[in-house]
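Asks: Just need the structure, nothing else, for what follows:
(chains A and B)
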Amino acid sequence: MKRFAVVFLLFAVALAATVFVPASASADEIKMIGVITKIDISGPDAATATATLKDNKGGGLVTVIVNDELTLDKFKDHRIVVGDEIRLKYEVKDGKNVSKYFRKTAGC
Amino acid sequence: MLTTDGPGKSLRARAKGEGSVKRYPIVLFLLAVTGSFALAKEHPGKAYIEKNGYHGPSTCEAQGCHPGTAKMFLGTVHWKHASPVGNVDNLTPGKEYGMKNRIYTMCNGNDIVNNLKEIPPNPKTGKTKFTGCNTCHPGNHISDVGSTGKDAENAIDCLVCHSLSYDFRLRQPYKDAAGRVVMGQDRSVKAALSVGKPGVKNCMVCHEAAGGGVLIKRGFAFTKETDVHAAKGMVCVDCHAAKDHRIPTGFDPNNWASDGVRVSCGDCHEASPHQDKDLNRHVARVACQTCHIPKTGGALAKDFTRWTQGPDGFFEPTTLRKEANETAPVYAWYNKTVTNTPTFIGPKGSRGDKESKIYPFKMYEGKAYFDRKTGKLLSMDFAPPMATGDTLAGVASAAKTLGIQEYDPVPGWQVIYFGSSHLVTKKRALSCENCHAPNGVLNFRALGYTEEEIRKLTSPELYFDKMAEKQKEDW
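Replies: Predicted coordinates:
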């Protein structure tokens, strides 16, 4: 009896989560500046890659999925490499961090 | 092979001979043809390079292929970062100008005072890095901007513009055994085997980050979202078609150096390009760019007197950034001659001058040190402020390099107008009400129209019936 209630409650929570959370999460664009510690790309024809950055504020690691062609191309020919500092904007979509903006910070 | 004698040129020449209506299909057809040729046709030098390796320009010129190319390249703006300039005020006659020696506030130095070097270590982190304007030069730095002779010829990085598989890890500055700072190149066989007509990304190696970072100078993104021509698959050299490496440019008031050849919208498009004659009546006084490039982008302003420390400990000029298409241009009459004073670089022209048209400009403001004694803008070596934030140490270092003994630095602002020639759109092109409504984008008064004329030019009378008709069609 008790168990049913728990299960039901969990179900209700899950439902609420699926209904409400994605909407609010995807509206949020997170900005950070960090240094690339890792780039994973499967080859010259890859249509997606992941990059891990160490956040300059606090040093936490953030892994993002990169889908835009221009940035992918820069990974492929090494115009962007591990060690580069990046200005990043990303969104959380279905629990994954998806890059919206991925630029080297380097200036004059 | 069409690509070898400059497809744009032949395409234009041919298009010009045809009836006006047919011009587009022909241009497009030729684009498609040259594009597929470039892909389908194998580089005739393939076997030679596979067998003998790639050793730079000497390989390109071996066996009678591309003879004299390197020598000719040494005479271009891309190598010299300078050229004679005929349309700008207050220049010394006979002297050449460009990134090599100019001083302005988008980047407050030049190739000479900011020669590529290792900066002093950051006091906090002890770290150092290489910096210098001449990283955007296709040489190896030993043979630097404007150098001549056999060594210079051999140092040209042909592949940075011509290879589709260049490995940019190799294009980094480093110190050689003799302690000289060298700019690396990818001279691998792999890179040499994929030579072809330069693609957008080849040009963007340097052009994307001009002005101190990605899209900083004018928000120049060339993608299918930001430019109708990119959306049609065109690349830089379809318009900037070069012969003997003289790459045509326009009349950007702030980009003075040229190889003596020019490109304009009218090279490919009719003088009266619209179905709608109400639009065509404007082209005599309103430049194509004014309606077709309604937005600009890049940095609004920079402060070279106070640098901002980044998380890595190094300092950068404090910069207000904007993306492509994020800022509104300013509009001014322009007759392709340029006012050049220490505090203003921008277009000359007026309504009364029949050579002038209304053009859009990206307006930029830069703060830097001026010499109180002469009123002239001083330049800055970036190495000291990059390491420590000490901007006056940068001015002192540059003054030393230039042999300036006495100066009295005071901060001040310079205004620069940048030309706006890309980010072309048809969908978002300005229409009647964008200019003729009372709150339109043009300041008719500042442009020299009388109150009486302005009343007419801002009356719905001009466009009411037309727009009412269009509204009917749209729904």
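
Asks: how close does the residue nearest the centre of chain A get to chain B?
Replies: By Cα atoms, centre = their mean, chain A has its centre lying nearest to residue A:97, at 2.2 Å. Distance, residue A:97 to chain B, by Cβ to the nearest Cβ, to the nearest Å: 20 Å. C-beta coordinates here come from the backbone N, C-alpha and C atoms, glycine included.

Asks: Would you mind measuring from that residue to residue B:364?
Replies: Taken as Cβ to Cβ, to the nearest Å, the spacing of residue A:97 relative to residue B:364 amounts to 34 Å.

Asks: Kindly report the same for residue B:396.
Replies: To residue B:364, residue B:396 is 26 Å away according to Cβ to Cβ.

Asks: Please say which of these two ends up with more neighbours.
Replies: Each of residue B:396 and residue B:364 had its neighbours counted (other Cβ atoms under 10 Å in any protein chain shown), and the higher figure belongs to residue B:364 (27 against 18).

Asks: In the beta-sheet assignment, what are the partners of that one?
Replies: Listed beta-bridge partners, residue B:364: residue B:416 (assigned using DSSP bridges).

Asks: Hmm, it is touching residue B:420, no?
Replies: No - with contact defined as Cβ atoms under 8 Å, residue B:364 does not reach residue B:420; the gap is 11.6 Å.

Asks: Please list the residues of the stretch 301-450 of chain B that sit near chain A.
Replies: Selection of the stretch 301-450 of chain B residues close to chain A by Cβ under 8 Å from any Cβ of the partner chain yields B:310-312, B:316-317, B:319, B:382.

Asks: Just the buried ones from those residues?
Replies: The neighbour-count criterion (16 or more other Cβ atoms under 10 Å in any protein chain shown) marks B:310, B:312, B:316-317, B:319, B:382 among those as buried.

Asks: Mind putting the residues you listed into CSV with secondary structure?
Replies: Below are these laid out as CSV (DSSP: H, G, I helix; E, B strand; the rest coil):
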residue, secondary structure
B:310, coil
B:312, coil
B:316, strand
B:317, strand
B:319, strand
B:382, coil
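
Asks: Tell me the one of those nearest chain A?
Replies: Within these, proximity to chain A (Cβ to the nearest Cβ) peaks at residue B:316, which comes in at 4.0 Å.

Asks: circling back to that earlier point, for the residue nearest to the centre of chain A, which residues are in contact?
Replies: A:30, A:62-65, A:90-91 (Cβ atoms under 8 Å, 6 or more residues apart in numbering or on different chains).

Asks: Now render the buried ones among the residues of the stretch 301-450 of chain B next to chain A as TSV, adding pLDDT.
Replies: Conversion of these to TSV gives the following (pLDDT from 0 to 100):
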residue	pLDDT
B:310	87
B:312	83
B:316	94
B:317	95
B:319	94
B:382	96
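
Asks: burial measure for the nearest residue to residue A:30 once chain neighbours are set aside, as a count.
Replies: For residue A:30, the nearest residue in space outside its immediate sequence neighbours is residue A:90; the separation is 5.6 Å by Cβ to Cβ, 6 or more residues apart in numbering or on different chains. As a burial measure, residue A:90 scores 23 neighbours (other Cβ under 10 Å).

Asks: Check which strands are paired with the helix or strand harbouring residue A:90 and give the direction for each one.
Replies: Here residue A:90, judged by DSSP states H and E, is contained in strand A:85-93. Sheet pairing of strand A:85-93 (DSSP bridges) gives strand A:29-41 (antiparallel), strand A:96-104 (antiparallel).

Asks: so what does whatever helix or strand comes next after the first one touch, helix or strand wise?
Replies: By that I understand strand A:29-41. Stepping forward along the backbone from strand A:29-41, the first helix or strand reached (DSSP H and E) is strand A:49-55. Using 3 or more Cβ pairs under 8 Å, 6 or more residues apart in numbering or on different chains; DSSP states H and E, the elements in contact with strand A:49-55 are strand A:29-41, strand A:61-66, helix A:69-76, strand A:85-93.

Asks: and with 10 Å instead?
Replies: strand A:29-41, strand A:61-66, helix A:69-76, strand A:85-93, strand A:96-104 (3 or more Cβ pairs under 10 Å, 6 or more residues apart in numbering or on different chains; DSSP states H and E).

Asks: Other residues contacting it?
Replies: Taking Cβ atoms under 10 Å, 6 or more residues apart in numbering or on different chains as the criterion, the residues outside strand A:49-55 that touch it are A:32-42, A:60-67, A:71-72, A:75-76, A:80, A:82, A:84-86, A:88, A:90, A:96-97, A:99, A:102, B:311.

Asks: Which residues belonging to that strand are considered buried?
Replies: Residues of strand A:49-55 classed as buried: A:49, A:51-54 (neighbour count, 16+ other Cβ under 10 Å).

Asks: Check stretch B:240-256 too.
Replies: The neighbour-count check on stretch B:240-256 (16+ other Cβ under 10 Å) flags B:240-242, B:245-256 as buried.

Asks: can you give me the end-to-end distance of stretch B:178-190?
Replies: Across stretch B:178-190, the straight-line distance between its terminal residues is 29 Å, by Cα to Cα, to the nearest Å.

Asks: buried residues in that stretch?
Replies: Those would be B:181-183, B:185-188, for stretch B:178-190 by 16+ other Cβ under 10 Å.

Asks: Among the residues you listed, name the ones in strands.
Replies: Mapping the buried residues of stretch B:178-190 onto strands (DSSP state E) picks out B:181-183.

Asks: pLDDT below threshold where in chain A?
Replies: For chain A, residues meeting the criterion pLDDT under 70 lie at A:1-27, A:107-108.

Asks: excluding its backbone neighbours, what's nearest residue 106?
Replies: Using chain A here. Ranked by Cβ to Cβ, 6+ apart and with sequence neighbours excluded, the top spatial neighbour of residue A:106 is residue B:213, at 6.0 Å.

Asks: you looked at the wrong chain, it should be chain B
Replies: Here the residue nearest residue B:106, using Cβ to Cβ, 6+ apart, is residue B:211, at 5.1 Å.

Asks: Can you show me the strands along chain B?
Replies: With strands called from DSSP E, chain B shows them at B:117-118, B:130-131, B:173-175, B:181-183, B:301-309, B:315-320, B:330-334, B:338-341, B:344-347, B:357-371, B:409-419.

Asks: out of those, which comes closest to residue B:282?
Replies: Checking the strands of chain B against residue B:282 by Cβ to Cβ gives strand B:357-371 as the closest, at 9.1 Å.

Asks: between that closest one and strand B:409-419, how many degrees?
Replies: With axes from the mean of the first three to the mean of the last three Cα atoms, to 10 degrees as the criterion, the two stretches strand B:357-371 and strand B:409-419 enclose an angle of 160 degrees.
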